[in-house]
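A.B. asks: what follows is a predicted structure for the sequence shown.
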Amino acid sequence: MDNLVTRAAKDLAAANHVVALTGAGISVESGIPPFRGKGGVWEKIDPMEYAHIDAFMNDPVKVWNVLLKDMKLLLEEAEPHAAHMVLGELEKRGSLKTIITQNVDGLHQRAGNTDVIEFHGTFAQYKCLACEQQVDSAGIDIREIPPRCACGGIWRPEVVFFGEMIPPQHLWRSKLAATECDLMLVIGTSAVVQPAAFMPVIAKESGAKVIEVNPEPTPLTGSISNYLILGKAGEVMQAILDAMP
Ligand code: NAD
Ligand code: ZN
């Protein structure tokens, strides 16, 4: 790992336009379990039963009780950790321009990053299914399930459920960012959820270096990424920052 950390520090120092693609893995050390993989939420519940838009529309009480309530409480308590802070620092130093994240936890913004494309939306905002009013998470009272707007409509988080479209402007901006970068950091994503997993392919085809940080190999490893640094996001990113000139 040490050699690759030194190599990544050099590659980052030499890059002018860095873009990061992050997945649930970057927030594991903040106490938020991923969906897939070890300890993932999917080991306990079936995604199609709870995270599909049809499931939510058919039985919002069930989906609020089993998935959304706990997720909201968990995300309200979570704090950014070293990996988020290092990305904040890389933006301050000028090279990191954009983060494309599949996460819905808002931790990149809390670590100081200002250009964050939330590919799958966010739990920070909610919309009423009836009147379409939007409110912040703090305005949602979950003592009664499902939480309801003053008009009687049920609140939904502004996340992209399975079966829903990625907002086209997010897709468009992400493709542009992937095209423009000269280095893409791919941190904590299993690279199996499309179209997010395609962004490193676009970056590579546009001539960028692609560096992965993950405790496990992914479908990008050995083909799309130049190299994989095996390890936890917090430890690896801190070591890279410390090794930078
Ligand atoms: P994913 O497909 O991005 O997979 C998680 C990846 O993280 C795996 O490759 C795993 O090896 C890696 N990982 C585990 N621990 C790590 C660590 N400490 N450091 C670095 N990498 C680590 O994510 P998923 O769980 O399959 O979720 C898919 C979608 O679900 C996300 O794209 C998001 O929309 C949503 N989700 C969001 C959050 C969040 O906001 N934090 C959490 C769970 C799920
Ligand atoms: Zn309403």
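C.D. replies: Thanks, I have the structure now. Predicted model, so just to flag it, every value in this text is computed and none were measured. Numbers count the residues shown, from 1 in each chain. Ligands and ions are numbered 1, 2, ... in the order given.
A.B. asks: in this structure, which spans are strands?
C.D. replies: 18-22, 96-101, 116-118, 121-128, 134-136, 155-159, 183-187, 209-214, 227-230 (DSSP state E).
A.B. asks: would you turn these into JSON lines with mean pLDDT?
C.D. replies: Shown next, in JSON lines, are those (pLDDT from 0 to 100):
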{"stretch": "strand 18-22", "mean pLDDT": "98"}
{"stretch": "strand 96-101", "mean pLDDT": "98"}
{"stretch": "strand 116-118", "mean pLDDT": "98"}
{"stretch": "strand 121-128", "mean pLDDT": "96"}
{"stretch": "strand 134-136", "mean pLDDT": "97"}
{"stretch": "strand 155-159", "mean pLDDT": "97"}
{"stretch": "strand 183-187", "mean pLDDT": "98"}
{"stretch": "strand 209-214", "mean pLDDT": "98"}
{"stretch": "strand 227-230", "mean pLDDT": "98"}
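A.B. asks: quick check: residues of this structure near ligand 2?
C.D. replies: 128, 130, 131, 133, 149, 151, 153 (C-beta under 5 Å from the ion). Placement of C-beta: from N, CA and C, glycine included.
A.B. asks: the third one contacts residue 149, correct?
C.D. replies: Spelled out, it's residue 131. Yes: the criterion here is C-beta atoms under 8 Å, and residue 131 meets it with residue 149 at 6.3 Å.
A.B. asks: the more surrounded of those two?
C.D. replies: residue 149 (19 against 11; other C-beta atoms under 10 Å).
A.B. asks: closest to the centroid, which residue in the chain?
C.D. replies: Ranked by distance to the mean C-alpha position of the chain (C-alpha atoms, centre = their mean), the top residue is residue 103 at 2.5 Å.
A.B. asks: would you mind measuring from it to ligand 1?
C.D. replies: 3 Å (C-beta to the nearest ligand atom, to the nearest Å).
A.B. asks: quick check: phi and psi at that residue.
C.D. replies: Main-chain dihedrals, residue 103, degrees, to the nearest 10: phi -80, psi 160.
A.B. asks: wait, it sits on residue 123?
C.D. replies: No: under the criterion of C-beta under 8 Å, residue 103 makes no contact with residue 123, lying 9.5 Å away.
A.B. asks: deepest-packed of the strands of the chain, please.
C.D. replies: strand 18-22 (a mean of 28; mean count of other C-beta atoms under 10 Å).
A.B. asks: now do it: which elements does it pack against?
C.D. replies: Packed against strand 18-22 by the contact rule (3 or more C-beta pairs under 8 Å, 6 or more residues apart in numbering; DSSP states H and E) you find helix 82-92, strand 96-101, helix 168-180, strand 183-187, helix 199-205.
A.B. asks: touching ligand 1 at all, it?
C.D. replies: No: if you take C-beta under 6 Å from any ligand atom as the test, strand 18-22 misses ligand 1, and the best it gets is 8.1 Å.
A.B. asks: got the angle between that strand and strand 209-214?
C.D. replies: Orientation note: strand 18-22 sits at an angle of 30 degrees relative to strand 209-214 (axes from the mean of the first three to the mean of the last three C-alpha atoms, to 10 degrees).
A.B. asks: care to break the chain down by domain?
C.D. replies: As assigned by automatic domain parsing, the chain contains the domains 1-32+80-120+166-245, 33-77+122-159.
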